[in-house]
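**Q** 3D, please:
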Amino acid sequence: MKKKLDRAIALMQQASFLEEQLSRATELRERLRGRELVISVIGQFKRGKSSLLNALLNEDLLPVGIVPLTTAVTEIRRSDSFRAVVRFASGTVREIGRSELPDYISEQKNPRNQKGVAVVKLWTEHGPFGPGITLVDTPGVGSIHQHNTETSYAYVEKSDAVLFLLSVDSPVSAMERDFLLKAREHAAKFYFAVNKTDTISEDNLEEFLSYCRSVLSEAIGLEVTLYPLSAKTGEGVTFLAEKLAGDLRASHDELLAASASIKLKALIAQARAKLALYLKAAAIPAGELKMKLLQIREKQAELGALSDEVHILTKRQTEWLVERLGERLDMKITEMRPQLEGEVERLYRELQALPSRQFEPQLLAGLEGVMDEQLTMLNSEGLMMLGEGYAAIVQALNEKASVTARFVSGLVKEQFELDYPIAVRNFTVSERSDFFIRFGRQGGLLLRPDVFVHLLPRARANRKIYHRAMKQMVGDLDRNKNNMIYNYRYKMQESLRVLCGQFTADISSMNRELDRLLARMEEGHKEQSKELFKRKQRLMLLMQQLEGLR
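**A** Predicted coordinates:
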């Protein structure tokens, strides 16, 4: 493996425009020489990655909380003493104290990574792993903070092994499957842990694990072992730590070599694609090249306009869907009212012989039970409609993403007759829900207390309570319907923030890729000289030699 990597580096050094691939290949060689194995903890936001790392390290080192916290990548290594170093994107390096960590790696104190942190490196005396193992805490994917998702996607390319963390509070999402497939292209080993197992019953846990195992195995095409645990209580953490430590000790060098082979293959493919474009551009007459580049630049402007169009389109579709849902719920509540009124009347007849002070709470308790059942059914139907309607929006977005990717690839294909595939992700709907059924006043009372009603004769008092309960029931139906609609709108708006952010990021990535390609084409053409034929011959030989390394 080392010889193959040395050969690839020597070949990449022969072309100045392969500096990106050369830099990454050189970094890969240094890691092999240093026997540094990187195991990244990745997954969707709020799965508890930082909490799990704290549990593995047996110290509260990383900040945790109830909102998405991690904003920058944190590398953790074993050492005889604690040390923390922040490396900024500008190249500046600063040593900090333990108490300063949240200032650089938390979303609250470094929002959107405004401080420009490239990576935070920690050395600690604690943890189950010895020298040569780097544990990595990554920002969660899928939160409203798009920069966190982008950071995690970028860092996963450096991972040799992955600890993929799920949690029992929500099933495997489409975004997690997408992220897992991305990681599969770079890492050689995967471990799967399920957090927060202390929050559900044993039977429900088994059902959840069975479901996740099936989904994950289908996604990556491998048999999956799940490690249930609770980072909060510590249950299962020691077992996972011993499993990881044992595996990594037994197969350290083999795992590193397998990971390096995967990464080198990708780098060689990228280098060959760039070489092909360079050669193609260099062979085109100056006037023709200028015209082709101008045509691509004009088309490129359409990509930016497409991002704006997607934001407007999804917002308009969402409002239309919410409006249709509101109309549907109004119709269902109109159908529901006679049944509820009949139930109230039935309860009244059954309980009317009771004294008013007993009659009132029993009537309200019975009514709340009936309303709870009906409103739960109504909400389930609304959520089903939401899923169907939103699936159409998501499908349209996925289609636009695919069309856009084909558009970019088509530009290169059309102008230079070369295949240049562009990958895009799939999008999904938010699984969060803030809906809960609300009855009357705070504390569960349907009616405002009226001590005077109990001074009336029993029959008259109970009749008055009955009429007021009937009236209040209508108001509760309307309030709960509005609560449902608010929740549906919230779910879609949250999802759209993430989806549109991801779509915009993909568009920006495509634009950056086009910028790099066009810059290289222009640079390559400017370097044409009387030795062009020799240069082309040398680069073609270089392509053949790189092909031989695959």
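**Q** Going along the chain, name the helices of the chain.
**A** 2-12, 19-34, 49-57, 102-105, 146-155, 174-184, 202-220, 237-282, 286-351, 356-416, 458-526, 532-549 (DSSP state H).
**Q** tell me the most buried of those?
**A** By mean neighbour count, with neighbours taken as mean count of other CB atoms under 10 Å, helix 49-57 ranks first of the helices of the chain at a mean of 24. Just so you know, the C-beta spots here come from the backbone N, C-alpha and C atoms, and that holds for glycine as well.
**Q** What's the mean pLDDT across stretch 116-134?
**A** For stretch 116-134, the mean pLDDT works out to 84.
**Q** Next: stretch 298-316.
**A** 69.
**Q** circling back: export the helices of the chain to a markdown table and append columns for distance to residue 194.
**A** Conversion of these to a markdown table gives the following (distance: least, CB to CB, whole Å):
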| stretch | distance to residue 194 |
| --- | --- |
| helix 2-12 | 36 |
| helix 19-34 | 30 |
| helix 49-57 | 11 |
| helix 102-105 | 25 |
| helix 146-155 | 19 |
| helix 174-184 | 12 |
| helix 202-220 | 6 |
| helix 237-282 | 10 |
| helix 286-351 | 32 |
| helix 356-416 | 24 |
| helix 458-526 | 23 |
| helix 532-549 | 40 |
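**Q** Confidence-wise, which of the ones you listed is weakest overall?
**A** Among the helices of the chain, helix 146-155 carries the lowest mean pLDDT (a mean of 52).
**Q** Please tell me how far residue 493 sits from residue 378.
**A** Using CB to CB, to the nearest Å, one gets 22 Å for the distance from residue 493 to residue 378.
**Q** likewise residue 80?
**A** Residue 80 is 62 Å from residue 378, by CB to CB.
**Q** Just the CA coordinates for stretch 466-483, please, in PDB.
**A** The C-alpha coordinates for stretch 466-483 follow below in PDB (Å, rounded to 0.1, in the frame of the first residue of the first chain):
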ATOM      1  CA  TYR A 466     -74.000  20.300  30.900                       C
ATOM      2  CA  HIS A 467     -74.800  23.300  28.600                       C
ATOM      3  CA  ARG A 468     -71.500  25.100  29.500                       C
ATOM      4  CA  ALA A 469     -69.600  21.800  28.900                       C
ATOM      5  CA  MET A 470     -71.200  21.500  25.500                       C
ATOM      6  CA  LYS A 471     -70.300  25.100  24.600                       C
ATOM      7  CA  GLN A 472     -66.700  24.700  25.800                       C
ATOM      8  CA  MET A 473     -66.300  21.500  23.800                       C
ATOM      9  CA  VAL A 474     -66.900  23.500  20.600                       C
ATOM     10  CA  GLY A 475     -64.200  25.900  21.600                       C
ATOM     11  CA  ASP A 476     -61.700  23.100  22.500                       C
ATOM     12  CA  LEU A 477     -62.300  21.500  19.100                       C
ATOM     13  CA  ASP A 478     -61.400  24.700  17.400                       C
ATOM     14  CA  ARG A 479     -58.300  25.400  19.500                       C
ATOM     15  CA  ASN A 480     -57.000  21.900  19.000                       C
ATOM     16  CA  LYS A 481     -57.500  22.200  15.300                       C
ATOM     17  CA  ASN A 482     -55.500  25.400  15.200                       C
ATOM     18  CA  ASN A 483     -52.800  23.700  17.300                       C
END
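**Q** and stretch 260-267, how far from the chain's centre?
**A** Taking the mean of its C-alpha atoms, stretch 260-267 sits 25 Å from the chain's own mean (CA atoms, centre = their mean, to the nearest Å).
**Q** what does that stretch rub up against?
**A** For stretch 260-267, the external contacting residues (CB atoms under 8 Å, 6 or more residues apart in numbering) are 1, 4-5, 8, 21, 24-25, 28, 31-32, 157, 185-188, 549-550.
**Q** what about 10 Å?
**A** Residues from elsewhere that reach stretch 260-267 (CB atoms under 10 Å, 6 or more residues apart in numbering): 1-2, 4-5, 8-9, 12, 18, 20-25, 27-29, 31-32, 157-160, 184-188, 546, 549-550.
**Q** Residue 465 and residue 177, how far apart?
**A** 54 Å.
**Q** meant to ask about residue 216, not that
**A** 8 Å.
**Q** that older thread, nearest to residue 228, out of the helices of the chain?
**A** helix 202-220 (6.4 Å; CB to CB).
**Q** Show me what the closest one is packed against.
**A** Using 3 or more CB pairs under 10 Å, 6 or more residues apart in numbering; DSSP states H and E, the elements in contact with helix 202-220 are strand 161-167, helix 174-184, strand 189-195, strand 226-228.
**Q** Redo the ones you listed as a markdown table? Include distance to residue 484.
**A** Listed next are these as a markdown table, based on distance: least, CB to CB, whole Å:
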| stretch | distance to residue 484 |
| --- | --- |
| strand 161-167 | 26 |
| helix 174-184 | 24 |
| strand 189-195 | 30 |
| strand 226-228 | 34 |
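**Q** Tell me which of the ones you listed lies nearest to residue 60.
**A** strand 189-195 (16.5 Å).
**Q** Just checking: what are the partner strands of the closest one?
**A** Here strand 189-195 is paired, per DSSP bridges, with strand 161-167 (parallel), strand 226-228 (parallel).
**Q** and those strands as CSV, adding mean pLDDT and mean neighbour count?
**A** Output for these, formatted as CSV (pLDDT from 0 to 100; neighbours: other CB atoms under 10 Å):
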stretch, mean pLDDT, mean neighbour count
strand 161-167, 89, 25
strand 226-228, 94, 19
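**Q** now for the ones you listed, which one comes closest to residue 259?
**A** Of all these, strand 161-167 comes closest under CB to CB, at 7.4 Å.
**Q** could you dump that closest one to CSV, C-alpha only?
**A** Extracted in CSV, the C-alpha atoms of strand 161-167 (Å, rounded to 0.1, in the frame of the first residue of the first chain):
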residue,chain,number,x,y,z
ALA,A,161,-13.6,3.9,11.0
VAL,A,162,-17.0,5.3,11.9
LEU,A,163,-19.1,5.0,15.0
PHE,A,164,-22.5,5.7,13.7
LEU,A,165,-24.8,6.8,16.5
LEU,A,166,-28.6,6.5,16.5
SER,A,167,-31.1,7.1,19.3
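**Q** This completes my enquiry, with thanks.
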